[in-house]
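Novice: Fold the following for me, if possible:
(2 chains)
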2 protein chains.
Amino acid sequence: MTDLNKLGEIGLIERIRQATTAPTHTETIRGIGDDAAVFDWETDYGLLSTDMLVEGIHFDLTYVPLKHLGYKAVTYGVSDIAAMNGLPIQITVSIALSSRFPVEAIDELYEGIRAACDAYNVDLVGGDTTASRSGLIISVSVVGKVPKELITYRNTAKANDVVCVTGDLGAAYLGLQLLEREKQVYLADPNMQPNLSEERAYLVQRQLRPDARTDMVHELRDLGIRPTAMIDISDGLASELLHICHQSGTGAVIFDENIPIDDQTHLAADEFKISPITAALNGGEDYELLFTVRPQEFEKLATNARITAIGYLTDTPSQIVLATKAGQQTPIRAQGWNTAAD
Amino acid sequence: MTDLNKLGEIGLIERIRQATTAPTHTETIRGIGDDAAVFDWETDYGLLSTDMLVEGIHFDLTYVPLKHLGYKAVTYGVSDIAAMNGLPIQITVSIALSSRFPVEAIDELYEGIRAACDAYNVDLVGGDTTASRSGLIISVSVVGKVPKELITYRNTAKANDVVCVTGDLGAAYLGLQLLEREKQVYLADPNMQPNLSEERAYLVQRQLRPDARTDMVHELRDLGIRPTAMIDISDGLASELLHICHQSGTGAVIFDENIPIDDQTHLAADEFKISPITAALNGGEDYELLFTVRPQEFEKLATNARITAIGYLTDTPSQIVLATKAGQQTPIRAQGWNTAAD
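Specialist: Numbers count the residues shown, from 1 in each chain, chains lettered A, B, ... in the order given. All right, here's what the predicted structure looks like:
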């Protein structure tokens, strides 16, 4: 018998993918291996993405308000559609929950789900509701759409492409550290008031209620830019960069000083004695977009404050490195889960 | 605080539906309230359905082989698409599982998933894999397609329509009783051999590895029949009939002697001192199709051995009854969950 932990999530997905027969429907353009599956929607491509969130694994209800959790569940799914350069149209949300949840808790969860549906302009069209033996499990499936000429995969980046990210990274991870610390304080002494001051609000909000960057999908279209590859940052910059490089057959040089990190993230990282770069590389849950553009396209977005160039791709697949100002280079590895290449 | 059990699943779905704003995308044709959501796929309608299966609630791994479970999970989703008169194209399967499962268990599960994908001609295009705190949870989403002129909803049946079912009913429920009894025998004395003889094979197979009736979707098309309403029988004939009647604003008269019941179901029902009619009405999990046709259309399928006419619809919504040969009529109620009309 083989231990699941030895194989890792990516190893498991690869095992499933390899044993899966090729699609037989002409409607199926892409199957397993990207942020969403792709199907032929006549003048457009349709996109289908699915995510599962499990209490005790993905969220801790001692500090996650159900309304935020509902919003975040939708964000998960919509972010996958944005990563294909698409926009969401329909969403289904299934929930399994134990009898410890009163009806009002479900109302609160759905309040967040609906707020997110409004924010992302997506129609809530169905789902499943069932009992569970323990805890809350949420499964979200999203159907989206993208004009055929704009679809963006993971495996189509090329050497010399500029590597870009939207927003800033690492904040969601530091937000999680803050919430976990307050939880321990509370568990030790339930009379203690939480110490989540105003200046920490951004980090906590990035963890509890992140936004999918559908705004950037619109913005890239307005700028007339189609990325050569794109992925959303759910597991951390390192993991997502490795996906693009491995699938596209490229190497990469990322400049550590270019990685966009908010001041609050820097302050909290100091306090927790964590490198902010490590938080950005391996923290995950930022739901920003990582994408690549041809160098000649880059000037169109060079002045955009919400997009940062962090490096470039090379034709040496074995070298995916972080470069310091001093010229030192260290290999970038994904933490937590094994990668297919390890 | 309101207890979830008081509200019931249908009450909960209604609560969610009522609080959900109307779809804003022109692509969204139907949202919550049928077997699948419907979207405009240009020359066809697209269908999106999602189901969640939870260990300890929907299946018991002490007697459900993982391969059969994988097959059944796909059947759940495909059956919803068939109920819209559509055929499946793409499926995503997400699993959450605890570390007690070795990799070989997942291989076995996916063997069943792939066997079902082959049987139903549907492409496995993605999913999510994650850890769970306890047990196995499976979420299946299916995208399907139906020509616009053939789509079949729940709320479009009319008085005088003939009520039909495919196959036979109640077998899956008796199969479950057999498996549960053998489990108790085994728990009392692990040296006892299971007593599931050949003549019980049909019932056990109906419970463990039911088939979605995509074959009947093809057959109805070949016969040139578009049902006026259709639903799949997952919760039992009574519950599904009430859905069609309540949503279409009709009553119904169902003749108990017409309900198709297999000989093995009759024998096992005798043994368990259960009425076979009750098993058909309330047992569920048969995954047959319940549909209605205009009376003048009925002759086209009157000689079809796989389709049985069991009654007709009336214009008296308050009267949904089971009629005996002797002329006695009793109201049909859904068991287990509350219905919206109660």
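Novice: surely residue A:207 meets residue A:182?
Specialist: No: judged on CB atoms under 8 Å, residue A:207 makes no contact with residue A:182 at a distance of 11.8 Å. In short, each C-beta sits where N, CA and C put it, glycine included.
Novice: would you list every one of the helices in the stretch 151-300 of chain A?
Specialist: Secondary structure of the stretch 151-300 of chain A by DSSP state H, counting those that start in this stretch: the helices cover A:171-188, A:201-208, A:214-222, A:237-248, A:263-272, A:276-282.
Novice: could these go into CSV alongside mean neighbour count, distance to residue B:143 and mean pLDDT?
Specialist: CSV is the format used below for the helices of the stretch 151-300 of chain A (neighbours: other CB atoms under 10 Å in any protein chain shown; distance: least, CB to CB, whole Å; pLDDT from 0 to 100):
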stretch, mean neighbour count, distance to residue B:143, mean pLDDT
helix A:171-188, 19, 31, 91
helix A:201-208, 21, 31, 94
helix A:214-222, 18, 21, 96
helix A:237-248, 24, 24, 97
helix A:263-272, 17, 39, 95
helix A:276-282, 23, 34, 96
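Novice: backbone phi and psi for residue A:45, please?
Specialist: Per-residue torsions, residue A:45: phi -100, psi 140 (degrees, to the nearest 10).
Novice: swap that for residue A:54, please
Specialist: Dihedral angles (degrees, to the nearest 10) for residue A:54: phi -120, psi 130.
Novice: I'd like to check which residues are in contact with it.
Specialist: A:135, A:137, B:96, B:130, B:131, B:132, B:133, B:137 (CB atoms under 8 Å, 6 or more residues apart in numbering or on different chains).
Novice: and it, how far is that from residue A:153?
Specialist: With distances taken as CB to CB, to the nearest Å, residue A:54 is found 28 Å from residue A:153.
Novice: And residue A:28, by the same measure?
Specialist: For residue A:28 relative to residue A:153 (CB to CB), the value is 14 Å.
Novice: Show me the contacts of residue A:54 that map onto strands.
Specialist: Among the contacts of residue A:54, DSSP state E puts A:137, B:96, B:130, B:131, B:137 in strands.
Novice: Buried only: go through the residues you listed for me.
Specialist: A:137, B:96, B:130, B:137 (16 or more other CB atoms under 10 Å in any protein chain shown).
Novice: Tell me the pLDDT of the third one.
Specialist: Looking back up the chat, that one is residue B:130. Residue B:130 is assigned a predicted lDDT (pLDDT) of 92.
Novice: I'd guessed residue A:300 sits against residue A:226; true?
Specialist: No: using CB under 8 Å, residue A:300 makes no contact with residue A:226, being 11.0 Å away.
Novice: between the two, who's got more neighbours?
Specialist: Neighbours were counted for residue A:300 and for residue A:226 using other CB atoms under 10 Å in any protein chain shown; residue A:226 has more, 18 against 13.
Novice: what's the neighbour count on the residue lying closest to that one once chain neighbours are set aside?
Specialist: Nearest non-adjacent residue to residue A:226, counting by CB to CB, 6 or more residues apart in numbering or on different chains: residue A:150, 5.4 Å away. Residues within reach of residue A:150, counting by other CB under 10 Å, total 17.
Novice: Next up, the contacts around residue A:150.
Specialist: Residue A:150 neighbours (CB under 8 Å, 6+ apart): A:85, A:221, A:226.
Novice: Which of those lies at the shortest distance from residue B:125?
Specialist: Residue B:125 lies nearest to residue A:85 out of the contacts of residue A:150, by CB to CB, at 18.0 Å.
Novice: Quickly find the element holding that closest one.
Specialist: Using DSSP states H and E, residue A:85 sits within no helix or strand.
Novice: Residue A:27 versus the residue nearest to it when sequence neighbours are not counted, what's the distance?
Specialist: In this structure, residue A:85 finds its nearest non-sequential neighbour in residue A:152, 3.9 Å apart by CB to CB, 6+ apart. In this view, residue A:152 and residue A:27 are 20 Å apart by CB to CB.
Novice: do residue A:184 as well
Specialist: Counting by CB to CB, the gap from residue A:184 to residue A:27 is 51 Å.
Novice: again with residue A:148
Specialist: Applying CB to CB to residue A:148 and residue A:27 gives a distance of 13 Å.
Novice: Compare these two (neighbour count), which wins?
Specialist: Neighbours per residue, other CB under 10 Å: of residue A:148 and residue A:27, the larger number sits with residue A:27, 20 against 13.
Novice: List the contacts of that one.
Specialist: By CB under 8 Å, 6+ apart, the contact list for residue A:27 reads A:39, A:40, B:89, B:90, B:145.
Novice: Which of these are buried, as a ChimeraX select command?
Specialist: Those of the contacts of residue A:27 that count as buried under 16+ other CB under 10 Å are selected in ChimeraX with:
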select /A:39,40 /B:89,90,145
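Novice: among the contacts of residue A:27, which are in strands?
Specialist: Going by DSSP E, the strands hold A:39, A:40, B:89, B:90, B:145 from these.
Novice: Give me the buried positions along stretch A:162-173.
Specialist: A:162, A:163, A:164, A:165, A:166, A:167, A:168, A:169, A:170, A:171, A:172, A:173.
Novice: Throw the residues you listed into JSON lines and include distance to chain B, thanks.
Specialist: Formatted as JSON lines, the buried residues of stretch A:162-173 follow (distance: CB to the nearest CB, whole Å):
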{"residue": "A:162", "distance to chain B": "29"}
{"residue": "A:163", "distance to chain B": "25"}
{"residue": "A:164", "distance to chain B": "26"}
{"residue": "A:165", "distance to chain B": "23"}
{"residue": "A:166", "distance to chain B": "23"}
{"residue": "A:167", "distance to chain B": "24"}
{"residue": "A:168", "distance to chain B": "26"}
{"residue": "A:169", "distance to chain B": "23"}
{"residue": "A:170", "distance to chain B": "23"}
{"residue": "A:171", "distance to chain B": "23"}
{"residue": "A:172", "distance to chain B": "18"}
{"residue": "A:173", "distance to chain B": "19"}
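Novice: Now, those residues that are in strands?
Specialist: A:162, A:163, A:164, A:165, A:166.
Novice: How far off centre is stretch A:118-128?
Specialist: Mean C-alpha position of stretch A:118-128 versus that of the full chain (CA atoms, centre = their mean, to the nearest Å) differs by 19 Å.
Novice: Sorry, wrong one. I was asking about stretch A:9-22.
Specialist: Taking mean C-alpha positions (CA atoms, centre = their mean), stretch A:9-22 and its chain are 21 Å apart.
Novice: which regions of chain A sit below the pLDDT cut-off?
Specialist: Filtered on pLDDT under 70, chain A yields the residue ranges A:193-199, A:336-342.
Novice: looking at it, which residue ends up farthest from its center?
Specialist: Distance from the C-alpha centroid of chain A, by CA atoms, centre = their mean, peaks at residue A:191 (35.7 Å).
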